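Student: Here you go, sequence then predicted model.
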Amino acid sequence: MSTITKKEEPRITNAKQNKKIYTAIWRWHFYAGVIFAPLILFLAITGGVYLFKSQIEDYMYHDLYYVQQEGERLTPTEQVNGVKMNYPNAEITSMTPSSGVEKTAVVGMMDRGKEISVYVNPYNGDIVGTINEGDRFMAYVKDLHNGVLWGGTIGNRLVELAACWVIILVISGCYLWWPRNRKSIFGSLVPRIRAFKGKRLFWRDLHAVTAVWLSIFIVVQVLSGLMWSDVWGGMAHKAVEATGTGGPAGDQPWESYAFPTSTIPTKEVADVPWAAENILVPASTSNGTVPISIENVIETVEDKQVHPGYQIVFPQSEEGVYTVFLDTADVFPNRPGPWTQQTLHIDQYSGEALVNYTWDDYGSLGKAMSLGIAFHQGEYGLLSQIFMLLLMIGIILVVISGLMMWWKRRPTGKLGAPSLPKDFKMLKGLAILIIALGIFFPLAGLSLIFIWIVDRFIIQRIPKVKQWIG
């Protein structure tokens with residue numbers, strides 16, 4: 001008997017340690033879930049609405065977007081000049097040529113500090129109407145989604161923090177879900193709906209099983225969304241530049257030396273695709289010549305085979321360039337794939353393409369991130385939009401079922417957090433994973449330190465608070 005006891009002692013010790021680790025991870029999973037649940041729900045709802053931006057705006061602004069075909073079109077210069085005559089004090093900044101026989105052309109301008117889009121009938125030059133870009137319904141939805149509208153920079157950071165924690169919640173949730181001694185698929189891969197309807201176990205299965213099935217898609221969705229964030233997105237840009245996996249400065253390596261360049265990234269002059277944001281804007285060289293016409297620019301664009309739907313951003317100085325870009329997210333209907341993205345910088349005097357940045361110039365990370373962003377916004381057609389909507393509904397279901405599970409197990413008058421195990425010692429591997437996640441997601445790392453300090457030195461040392469939390 002004594003021999004058997006000695007053999008079983010390590011197993012018992014390991015089982016106790018594993019249980020402590022499980023409880024500790026559950027406690028952190030609980031904290032993050034309760035704290036960020038409202039914001040995650042909010043992001044899923046606003047994101048689900050924004051998925052259908054093109055269809056919603058096409059319906060809302062249909063009278064501005066479409067006209068009747070009437071013979072020959074006016075030249076782009078004539079169309080722009082018509083806008084100048086009607087708005088003599090405005091600064092013309094861009095033009096999007098008509099991309100279909102029934103589509104209007106769009107002339108962008110700055111008028112008294114406001115970014116205005118003027119919709120022009122390309123056949124007779126009539127102004128169909130205008131939109132203040134800041135007043136678009138979907139602009140409000142976007143700024144709600146990214147936190148800028150309700151919190152400014154702080155709101156944007158909170159959104160980024162919540163997104164980082166979603167990934168940590170997925171990782172910790174998969175650990176908690178792992179079927180250690182369960183052989184049946186029910187409760188692991190299939191929720192036990194009928195037998196436990198209305199009970200806490202039903203909400204547990206709905207929460208865990210749904211999250212596991214969606215976990216990979218949630219991670220891809222969140223990581224692609226983080227591309228737009230200031231902290232993590234800025235790190236991603238630097239990583240792409242440092243590794244050279246984003247793409248070269250132009251379509252030939254020597255271009256960075258052949259033409260004078262500024263220190264201004266392209267994102268400062270145009271809302272170009274993500275992978276082209278940090279291309280340095282080259283400078284035009286006059287050599288005593290006059291600027292080319294918009295028609296000359298379009299000739300260069302067509303020579304470079306840019307897909308219709310592109311926007312031309314006008315030079316703002318004597319050394320400025322025409323920046324032409326195709327962002328496939330702005331093309332509707334008949335949206336092309338993200339691999340048709342293209343950005344050009346054209347000398348305003350010679351008409352030469354100083355930079356022609358195409359999909360072939362994107363590095364491996366640049367392509368992966370661009371595909372991820374297209375996935376994030378449902379840009380692969382209606383089916384991808386529906387899939388992403390179902391993913392948003394799945395996330396909402398996971399959050400609500402998690403809250404219901406907590407509410408049903410919550411003791412009366414207490415928060416009901418899982419108790420911190422006594423004499424808990426962090427395993428080296430787990431500590432390394434936590435540190436790695438904290439470094440990879442800096443905002444989450446800072447919040448981890450903050451929560452750990454609060455939990456260790458405040459909650460654990462104030463009996464009433466400790467008793468209320470659990």
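Tutor: All right, it came through fine. Numbering: from 1, shown residues only.
Student: Could you pull up the mean pLDDT of the helix or strand harbouring Tyr140?
Tutor: Assigned by DSSP states H and E, Tyr140 belongs to helix 137-145. Per-region confidence: helix 137-145 scores 95 on mean pLDDT.
Student: So which bits of the very next helix or strand once past it are buried?
Tutor: Using DSSP H and E, the next helix or strand after helix 137-145 towards the C-terminus is helix 148-177. The neighbour-count check on helix 148-177 (16 or more other C-beta atoms under 10 Å) flags 155-170, 172-173, 177 as buried. No exception for glycine: its C-beta is placed from N, CA and C like everyone else's.
Student: and the next element down the chain from helix 148-177?
Tutor: That would be, after helix 148-177 and using DSSP H and E, helix 200-225.
Student: so what secondary structure elements neighbour that following helix?
Tutor: Judged by 3 or more C-beta pairs under 8 Å, 6 or more residues apart in numbering; DSSP states H and E, the packing partners of helix 200-225 are helix 148-177, helix 364-376, helix 382-409.
Student: what's in contact with the shortest one?
Tutor: What it means is helix 364-376. Residues from elsewhere that reach helix 364-376 (C-beta atoms under 8 Å, 6 or more residues apart in numbering): 220-221, 223-225, 227, 236, 239-240, 243, 245-247, 273-275, 328-329, 337-338, 341, 359, 362, 380, 384, 388.
Student: How about Ile400, nearest residue that isn't a chain neighbour?
Tutor: Leu41 (7.7 Å; C-beta to C-beta, 6 or more residues apart in numbering).
Student: residue contacts, the one you found?
Tutor: 396, 399-400.
Student: Are any of those residues buried, and if so which?
Tutor: Here, 16+ other C-beta under 10 Å leaves Val399 buried among the contacts of Leu41.
Student: Just name the shakiest helix or strand of the protein by mean pLDDT.
Tutor: helix 255-258 (a mean of 34; mean pLDDT, DSSP states H and E).
Student: and stretch 47-60, which residues are buried?
Tutor: Here stretch 47-60 shows 47-54, 56-57 as buried, counting by 16+ other C-beta under 10 Å.
Student: Looking at those residues, spot the one nearest Thr104.
Tutor: Nearest to Thr104 among those is Glu57, at 13.3 Å by C-beta to C-beta.
Student: For the closest one, pull up the helix or strand it's in.
Tutor: helix 53-60.
Student: Let me know how buried Tyr65 is, in neighbour terms.
Tutor: 19 (other C-beta atoms under 10 Å).
Student: Enumerate every residue touching it.
Tutor: Per C-beta under 8 Å, 6+ apart, neighbours of Tyr65: 58, 103-104, 119.
Student: Compare those and tell me which is most surrounded.
Tutor: Thr104 (27 neighbours).
Student: Confirm for me that that residue is in contact with Thr96.
Tutor: No - between Thr104 and Thr96 there is no contact under C-beta atoms under 8 Å: 9.1 Å.
Student: So which of the contacts of Tyr65 belong to strands?
Tutor: Tyr119 (DSSP state E).
Student: Dump the contacts of Tyr65 into CSV; add pLDDT and distance to Arg73 as well.
Tutor: Output for the contacts of Tyr65, formatted as CSV (pLDDT from 0 to 100; distance: C-beta to C-beta, whole Å):
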residue, pLDDT, distance to Arg73
Asp58, 95, 22
Lys103, 96, 11
Thr104, 97, 11
Tyr119, 98, 15
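Student: all helices of the stretch 201-350 of the chain, in order?
Tutor: Assigned helices in the stretch 201-350 of the chain, in chain order: 231-243, 255-258, 294-303 (criterion: DSSP state H, counting those that start in this stretch).
Student: could you say what helices and strands the last one packs with?
Tutor: Secondary structure elements in contact with helix 294-303, counted by 3+ C-beta pairs under 8 Å, 6+ apart, are helix 76-86, strand 311-313, strand 321-326, strand 342-347.
Student: possible to save these as a markdown table with distance to Trp452?
Tutor: Below are these laid out as a markdown table (distance: least, C-beta to C-beta, whole Å):
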| stretch | distance to Trp452 |
| --- | --- |
| helix 76-86 | 58 |
| strand 311-313 | 48 |
| strand 321-326 | 45 |
| strand 342-347 | 44 |
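Student: Show me the shaky parts of this protein.
Tutor: Confidence mapping of the chain against pLDDT under 70 gives the ranges 1-14, 182-183, 187, 193-198, 244-263, 423-427, 470.
Student: Touching, Ile127 and Val120? I think so.
Tutor: Yes - Ile127 is within contact range of Val120, at 6.0 Å (criterion: C-beta under 8 Å).
Student: biggest helix in this protein, by residue count?
Tutor: helix 2-50 (DSSP state H).
Student: gap between Ile458 and Val465?
Tutor: 7 Å (C-beta to C-beta, to the nearest Å).
Student: ok, now which ones touch the residue most central in space within the chain?
Tutor: What sits nearest the mean C-alpha location of the chain, by C-alpha atoms, centre = their mean, is Gly225, with 2.1 Å. Contacts for Gly225 (C-beta under 8 Å, 6+ apart) come out as 47, 163, 376.
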